[in-house]
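1. predicted model follows, preceded by the sequence.
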Amino acid sequence: AHVSCLAEQAKILVAESEENNLDDTQWHRWYKCSLCEQDYHGVVSCALGWACWKTYLGRPEADWTRRLAIGVLGNGLNKAKRHEAALSVR
């Protein structure tokens with residue numbers, strides 16, 4: 001799958017769960033494959049981390065999605081072995 005498609009899917013699923021006040025926020029779609037349920041790794045994880053951060057960056061600092069997004073970015077950077085960059089966002 002294309003990273004942009006994975007990011008769009010995650011964004012849509014999280015938004016739908018937010019709109020419907022679901023207990024399952026679907027947040028795991030930003031870091032876990034919907035088919036095999038394994039975590040993304042390497043550059044795919046890093047790219048999705050950046051996409052996640054860019055999606056929620058405009059929300060207030062106390063917003064739960066923004067706070068989780070910075071964690072997804074940090075983990076993605078770490079999985080792509082960009083450890084120094086990961087430390088600066090965690």
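-> That came through, no problem.
2. any regions of the protein where pLDDT drops low?
-> Low-confidence segments of the chain, defined by pLDDT under 70: 90.
3. spatially central residue for it, please.
-> Nearest to the geometric centre of the chain sits residue 30, at 3.6 Å (C-alpha atoms, centre = their mean).
4. give the contact list for it.
-> 10, 14, 48, 49, 52, 69, 72 (C-beta atoms under 8 Å, 6 or more residues apart in numbering). All C-beta atoms are positioned from the backbone trio N, CA, C, and that covers glycine.
5. could you single out the nearest of those to residue 60?
-> Nearest to residue 60, judged by C-beta to C-beta, of the contacts of residue 30 is residue 69 at 12.4 Å.
6. next, count neighbours for the closest one.
-> By other C-beta atoms under 10 Å, 25 other residues sit near residue 69.
7. same deal with the one 4 residues further on?
-> As a burial measure, residue 73 scores 26 neighbours (other C-beta under 10 Å).
8. please apply the same query to residue 47.
-> Around residue 47 there are 17 residues (other C-beta under 10 Å).
9. how near is it to residue 61?
-> The gap separating residue 47 from residue 61 is 24 Å, by C-beta to C-beta, to the nearest Å.
10. same question for residue 35.
-> According to C-beta to C-beta, residue 35 stands 34 Å off from residue 61.
11. residue ranges for the helices of this protein, please.
-> Here the chain has its helices, by DSSP state H, at 3-19, 42-56, 64-79, 83-89.
12. how far away from the center of its chain is the shortest one?
-> Here the centre of helix 83-89 is set off from its chain's centre by 16 Å, with C-alpha atoms, centre = their mean, to the nearest Å.
13. so what secondary structure elements neighbour that helix?
-> Packing partners of helix 83-89 (3 or more C-beta pairs under 8 Å, 6 or more residues apart in numbering; DSSP states H and E): helix 64-79.
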